[in-house]
Structures are given as C-alpha cells and as structure tokens.
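> One predicted model, sequence on top.
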Amino acid sequence: MRKLVLAVTLVVWSGLIAGCQGQKRSTYTNSAGSLALSTDDSLLYAADADNDFIAVIDTGTEAKIAEVKVGRDPERVSVGADDAIWVTNRGSRSVSMIRRGDWREAARIAVGVEPVGLAVSPDDRTVYVVSSTSLESSDYGTLTAIDVETLSPAWTMAVGPEPRAISLIGNDRAVISFFKEGDLALVDLAKREVLRAGTDLYRRANASKLSGTARYGSRGSVFSSFFPRSGNDVVASPDGERLYSAVVWSREERIMVTPNAVTGYYGDGGPCNVGAIATPGVVTTALDRFRAVVDDLTTCSVGTDAADRDYPPSAITTPSVRRPIQGPAAMAIDPTGAWLYVVNRQSNNVAVIPTRTRQVAGLDFESSGSSVRSLVPVGSGPNGIALTRDGRKAYVYNAFDHSVSTLTSQGRGNNAVIVSNDREPIRVASDPIGEGRNAEFYAGRKLFFDATDSRVNNVSVGVACATCHPAGADDGHTWGFPDGPRQTPALAGRQILNTAPYHWDGEFATLQDFVDHTVRLRMGGTGLSPALTRQLAAYIDGLAPADNPHVLDVPTDAQRRGKEIFQMGQCDSCHSGPWLTNNGFADVGTRLTGGANPDNPEKLTRGFNVPSLLSLARTAPYLHDGSAATLKDRLMRDRGSNRHGALAEVSDSQINDLVEYLKTL
C-alpha cells in the first residue's frame with residue numbers, strides 16, 4: 001500500500017467557503033483536463049484516452065460504477081449545471097455528451113480537428129470547444145459554440161494557430177490559450193471576434209534583455225531571453241479579476257558550449273540564469289487590462305506592475321532539487337481563490353502555489369528560491385484535476401496508470417494540511433494491448449515523459465524527452481545548441497526508426513547512439529540500456545501522426561498540381577521513398593556562418609541530414625534553424641538559386657500549389 005503524506009499550509013476560512021458555495025461564480029471552475037465532478041461532488045468522471053471511455057467513479061465508495069464509450073482519445077471533460085457530461089474526443093474530431101445516470105453516449109457532435117479545450121457556459125445553454133486546427137486548414141484553430149438544446153454547432157470562428165484551452169468569463173467572453181505561442185487571446189462570444197490577440201507577455205517577460213540593460217551572468221554566461229511554450233491550460237480566479245496560464249519558458253540564447261559533466265548542458269542557463277533551459281511557469285494576467293503581470297526572467301526582478309508583489313513568481317521552481325517540477329498540464333484554483341493547483345505530467349506531482357502573495361506562512365520566494373508551498377507526489381502521467389466545492393478534497397487523474405489519486409484537506413486555517421489519501425489510488429482501467437501498442441510501448445511512454453528518472457536525466461535538471469517533444473510532436477522552438485541553432489523536429493508519424501542517421505548533422509549512426517548522447521551529455525542522466533532504448537523506440541515508433549485537415553479522400557486540383565511540381569522540381573531526388581527521405585545529406589545553402597550562434601562547420605562537412613517530409617503541415621517553423629515560419633516562406637527564399645530543388649522557373653501560383661501538396665504529406 002502506498003501512503004504519501006505532505007503538509008501544506010492552506011487558508012480555508014469556513015465563512016469564505018460558505019460564501020463561494022452560496023454565490024454563483026460565473027468565472028469559476030473546479031475541474032481541469034481529464035477530470036470533472038458532478039454538481040453534488042458524488043460522482044467523478046475521468047477521461048481515459050487509451051481506452052476511449054469515461055470512467056464513472058462513486059466518490060463515496062471510491063469505486064468505478066460505470067464506463068461510457070466515447071470517441072477516440074478523449075481529452076477533457078466538463079459538467080454542466082444540469083449535470084450533463086461533455087467530452088472532447090481529440091482523435092475523432094468530435095464532442096460527446098452523456099446524461100447523468102444514463103451511462104451511454106447520448107450524442108456526438110462534429111467539431112474541428114483535434115478538439116481539446118472545453119467549457120460549459122454559466123447559463124448552461126452553450127458548450128464551447130477549442131479545436132487545434134480547422135477542418136479546412138492547419139494554419140489556424142477554431143472555437144465552436146454548441147447549442148445545448150439542439151446538440152449541434154451554432155457557429156464556428158477562427159482563432160490563432162494551435163489553440164488548446166479555454167476559460168469563460170461570464171456568458172459573453174472567453175480566454176483561449178495557444179500551445180506553441182504560450183500566450184492568450186480574449187474573445188467576444190456575442191460578436192464572435194477576437195478582441196485582444198496576446199497579453200504582451202514576451203516583451204514584458206524579457207524587458208531587460210530586449211532593452212540591452214542585462215547582458216552577462218555571474219559566471220560570464222550570456223543572459224537569455226525566454227519564449228513561452230506549451231500553453232496547455234488557463235484558469236480564471238473565482239472573483240474573475242485574474243487569469244493564470246501554464247507555460248514552459250524556453251531559452252533562446254546559445255546554450256552553454258561545454259557540457260556540464262554533472263547535470264548536462266540542459267541544466268544551465270534557465271530563467272534568472274539558473275535552472276534548466278526549459279522551466280515550467282505560471283503567468284498571471286490582469287483581466288481588466290488583459291496584460292501579463294510577469295517577472296523579468298533575465299534579471300529575475302519583479303515586474304513593473306507588481307509593487308505590492310501580490311502575484312506568484314512566473315517561474316515554478318521546486319523547493320527541493322531532488323524533486324523536479326516539469327510539464328504543467330492542468331490547473332485548478334480552490335474555492336477561496338488563495339491556492340493554485342498545478343498538475344505536472346512529466347514530474348508526476350501537483351504543485352500548490354499561493355495566488356496572491358510571494359510570502360505566506362514563512363515562505364519567501366526571494367530567500368527560498370521557490371514559489372511552491374507544497375509539492376504532492378501522485379501517479380504516472382497526471383493530466384487532470386477536480387476539486388470538491390468545499391475545497392477540502394482534490395482528485396488527480398494519473399493517465400499512464402489509469403488511476404485516481406485523492407488529496408485531502410485536514411484541519412482549518414493555518415493548521416490545515418493537504419495529504420494524499422492513505423488508500424491505494426482508485427484503478428479504472430489497464431493499458432490496452434493491440435493496434436501496434438504492446439507492453440514496450442507503454443513502458444517507453446513512461447520513460448519518454450519522466451523528468452524524475454535518473455537514468456533519463458539528472459533530477460536537478462528536471463526535463464524529459466516530452467519537454468521538447470510533447471506527446472511526440474514538437475514545441476515549435478529553436479534551441480541554441482553548442483553546434484548551432486536547432487529547431488525541434490516532430491517525432492510522431494515520422495517513422496523515426498527507418499530514418500537513421502540522427503540529428504540535423506547526422507552524427508549518430510543509431511538510435512542508441514543518439515539516445516545515449518542525449519540523456520548523458522544533454523540531460524545529465526546515467527544512460528539507458530539497449531533494452532530501455534528499445535522501449536523508448538517502441539513508443540516513438542507507435543506514435544500516430546498529428547491529425548491533418550489537408551489529407552482528403554479525393555485530392556484537390558491544387559494538391560494534384562503540387563505533386564507534379566514536387567516531381568518536376570526534383571524534390572523527390574532527396575525526399576524519396578516511403579519515408580520521404582533518402583537518409584543522406586545535402587547542402588541547400590542554409591548553414592549559418594556568422595552571428596551569435598553559428599553552425600559548427602566541422603560537423604557539417606556533408607551538409608545537413610535530409611529530414612523526412614512526413615507530417616509537415618503542423619510542424620512549423622521550418623529548416624534546421626527554424627527561420628522559415630511557413631512552408632511558403634521556405635520555398636520563396638532564394639528560389640532562383642536552385643539549391644533547394646529545381647524551382648527557379650516555377651511561378652508564384654505553382655509555389656502555392658506545391659505548398660498545398662506538401663501539407664498533405
């Protein structure tokens with residue numbers, strides 16, 4: 001029996017809780033991600049993406065009482081005031097509706113591609129769904145309003161690229177997070193338009209670096225700017241005054257040239273010039289101005305809007321180097337609005353953070369270096385959380401274990417504590433075997449996502465393979481590696497095992513070589529045996545490609561013409577065969593010879609390793625240095641040189657056709 005106990009000071013004023021229960025909070029939600037509670041807290045609903053069902057759990061007996069089959073890869077679940085259960089099915093472009101007590105799918109409504117974000121309006125008339133791309137284009141995602149009465153889409157509007165989560169502000173506004181950009185957009189639901197695209201987050205988080213007032217660290221290393229990535233979730237405070245969004249701060253300047261023998265070179269040069277190059281964070285946004293209230297990450301100074309310091313530090317730093325925090329996947333706020341619960345999928349824990357102060361019960365960020373009041377371990381791959389209405393209990397769904405952990409508040413006021421339930425986690429399912437997935441696939445998945453396994457990384461670094469390759473996709477970031485700038489390639493659907501050699505310069509002949517280099521020198525781990533590498537390979541090889549709206553039963557005329565241009569331009573001389581690469585090398589004139597982070601010519605004597613073109617549509621930016629924002633940008637650049645395909649005589653309209661074809665691959 002596993003018993004996990006961890007204390008946390010929790011302000012739980014009974015009068016304030018009673019007020020929250022008696023007053024309808026139009027901005028407040030007590031659940032996030034794969035978990036939700038019924039309106040009376042007696043039933044818990046867990047979305048199991050591996051088994052394609054919603055598990056129904058009686059919270060009194062802590063037993064599963066039903067399971068409801070829904071679409072493929074159910075991602076998020078939400079409950080309306082009428083106790084209807086809504087589910088986004090990421091793998092089947094749909095939303096499911098289930099009526100309480102009638103444990104079957106009552107309706108399935110078609111929406112966009114890879115729907116994730118989900119919210120039910122306070123008046124219970126509309127369900128809002130955020131889809132990663134539209135049905136027509138991968139260039140932008142969509143927001144769809146579903147009429148609860150008719151169970152059909154009422155309208156759909158375009159939003160920015162790769163949106164993920166949604167938080168409602170009353171009945172007339174919504175805030176949407178964006179995965180690769182890490183920022184937010186404010187939407188007017190009545191007018192169906194984006195009111196504000198962005199919170200000025202990047203400029204405000206990098207103010208001293210961008211102004212040139214901060215240049216070098218204490219060890220002579222260059223102070224960096226940081227880009228917010230992996231915008232998985234956003235939640236509004238109960239009073240509706242603030243938003244909290246989860247990000248991963250990704251280093252932009254060159255990474256330490258000489259690998260750190262202890263932590264690997266991923267473990268240096270994070271925010272404030274300490275910590276990992278990819279550091280989790282929580283961003284506070286003032287809703288009235290829709291502007292980020294954020295620290296200056298270069299100097300680690302408090303932002304200009306925070307004279308009273310009444311918001312949490314923007315980087316989530318662990319209180320113990322032996323217990324990393326990584327991969328924020330879902331967030332919820334307790335009914336008092338005092339505590340933010342951050343579910344960390346890659347470190348298998350929940351961080352409890354005060355929302356309104358940096359100093360509480362003896363905790364001082366400036367002296368302790370951590371914004372976390374308590375760090376509670378849970379199961380593997382957690383991706384959902386639900387809090388009871390009285391704030392005394394929280395449930396966490398451990399996706400890779402198919403189980404629910406229970407966190408309980410005991411006591412009142414400053415004597416209250418959060419402890420994990422002394423019972424075993426509630427089991428709801430097992431790993432399904434079949435369709436290319438076996439025991440090695442699931443073991444490899446845990447390795448891929450685990451920032452706590454010392455074989456994979458030094459725990460003081462706290463990064464996982466999934467930190468840069470979330471679920472095998474890409475983070476859209478270009479890293480300043482010692483060998484030069486390197487854009488994160490996608491792994492899902494790329495047939496990686498068939499495309500050796502590895503890395504942009506092709507220096508690793510086998511996957512074992514590449515994995516050994518990555519986990520030892522970059523991540524500071526002790527290394528993986530051949531057997532463990534096979535598990536990791538089984539997971540990578542079993543990843544399905546991202547859903548692609550450009551793949552049609554019948555190609556369009558433009559796509560057919562583009563295929564002809566692809567062949568005419570001799571693109572298939574390098575990008576050939578079933579994996580769209582000859583696994584060779586080519587010099588297409590993109591090597592960087594100057595600037596702050598030039599490419600290492602000693603490793604590029606043969607040019608760059610020819611990448612596969614599989615799954616191009618949703619893997620922007622392009623080229624090894626990420627300098628081409630779109631496929632058309634890449635093709636239009638130095639087109640007349642014929643160094644990257646024989647395209648000198650191709651017209652602009654033919655380039656457009658070629659782009660349409662490339663998006664289908």
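Noted; the coordinates are in hand. Residues are numbered from 1 along each chain as shown.

> Closest to the centroid, which residue in this structure?
Within the chain, the residue whose C-alpha comes closest to the C-alpha centroid is Ser230; the distance, by Cα atoms, centre = their mean, is 3.7 Å.

> Now do the same for the closest residue to it other than its chain neighbours: its pLDDT.
The shortest distance from Ser230 to any non-neighbouring residue, by Cβ to Cβ, 6 or more residues apart in numbering, is to Val248 (4.2 Å). C-beta here means a position set from N, CA and C on the backbone, and glycine is covered the same way. Val248 is assigned a pLDDT of 95 by the prediction.

> How about Ile540?
So Ile540 comes in at 93 (pLDDT).

> For the helix or strand Leu186 falls within, buried residues please.
Leu186 belongs to strand 184-188 when assigned by DSSP states H and E. Residues of strand 184-188 classed as buried under the neighbour-count rule (16 or more other Cβ atoms under 10 Å) are Leu184, Ala185, Leu186, Val187.

> returning to that earlier point: listing partners with orientation, what would you give for the one helix or strand the residue nearest to Ser230 maps to?
Assessed by DSSP H and E, Val248 sits inside strand 242-251. The strands that strand 242-251 pairs with in its sheet are strand 226-229 (antiparallel), strand 234-236 (antiparallel), strand 278-286 (antiparallel) (by DSSP bridges).

> So for Thr336, which of the ones you listed sits nearest?
Nearest of the strands paired with strand 242-251 to Thr336, taken as Cβ to Cβ: strand 234-236 at 14.2 Å.

> next structured bit after the least confident helix or strand in the chain by mean pLDDT?
Counting by mean pLDDT, DSSP states H and E, the chain has its least confident helix or strand at helix 14-22, which shows a mean of 32. Following the chain from helix 14-22 toward its C-terminal end, the next helix or strand by DSSP H and E is strand 31-33.

> gap between the residue nearest to the centre of the chain and Lys209?
As for Ser230, its distance to Lys209 is 21 Å (criterion: Cβ to Cβ, to the nearest Å).

> What of Ile496?
When Cβ to Cβ is applied, the distance between Ile496 and Lys209 equals 35 Å.

> Secondary structure element holding Leu532?
Using DSSP H and E, Leu532 sits within helix 530-542.

> Please compute how far the helix or strand that comes right after that helix lies from its chain's middle.
Next along the chain after helix 530-542, taking DSSP H and E as the criterion, comes helix 557-568. Put simply, helix 557-568 sits 34 Å off its chain's centre (Cα atoms, centre = their mean, to the nearest Å).

> Averaged pLDDT, helix 557-568. What do you get?
Confidence over helix 557-568, taken as the mean pLDDT, stands at 94.

> Return the list of strands paired to the next helix or strand after it, each annotated with direction.
The first helix or strand that comes after helix 557-568 along the chain, using DSSP H and E, is strand 585-586. Sheet neighbours of strand 585-586, with direction, are listed as strand 608-609 (antiparallel) (DSSP bridges).

> Other residues contacting the strand it pairs with?
Strand 608-609 is contacted by residues 501-506, 583-588, 590-591, 624 when judged by Cβ atoms under 8 Å, 6 or more residues apart in numbering.

> picking that back up, please export the C-alpha coordinates of the strand holding Val248 as PDB.
What follows is strand 242-251 as a C-alpha-only set of coordinates in PDB (Å, rounded to 0.1, in the frame of the first residue of the first chain):
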ATOM      1  CA  ARG A 242      -7.200  37.400 -12.900                       C
ATOM      2  CA  LEU A 243      -6.100  34.600 -15.200                       C
ATOM      3  CA  TYR A 244      -3.400  32.000 -14.600                       C
ATOM      4  CA  SER A 245      -1.900  30.200 -17.500                       C
ATOM      5  CA  ALA A 246       0.600  27.400 -17.600                       C
ATOM      6  CA  VAL A 247       3.700  27.700 -19.900                       C
ATOM      7  CA  VAL A 248       7.200  26.300 -20.300                       C
ATOM      8  CA  TRP A 249       9.900  29.000 -20.500                       C
ATOM      9  CA  SER A 250      12.300  28.000 -23.300                       C
ATOM     10  CA  ARG A 251      15.800  29.500 -23.600                       C
END
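
> Let me know the angle separating it from strand 184-188.
Angle between the axes of strand 242-251 and strand 184-188 is 150 degrees (criterion: axes from the mean of the first three to the mean of the last three Cα atoms, to 10 degrees).

> So, low pLDDT: which residues of the protein?
Low-confidence regions of the chain, defined by pLDDT under 70, span residues 1-27, 214-222, 257-262, 273-274, 301-309, 358-369, 410-422.

> Could you break it into its assigned domains?
136-315, 439-662 (automatic domain parsing).

> Turn those into TSV, columns for distance to Ala55.
Shown next, in TSV, are the domains of the chain (distance: least, Cβ to Cβ, whole Å):
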stretch	distance to Ala55
domain 136-315	21
domain 439-662	18
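
> Can you say which of these is packed in most?
Using mean count of other Cβ atoms under 10 Å, the stretch among the domains of the chain with the greatest mean number of neighbours is domain 136-315 (a mean of 20).
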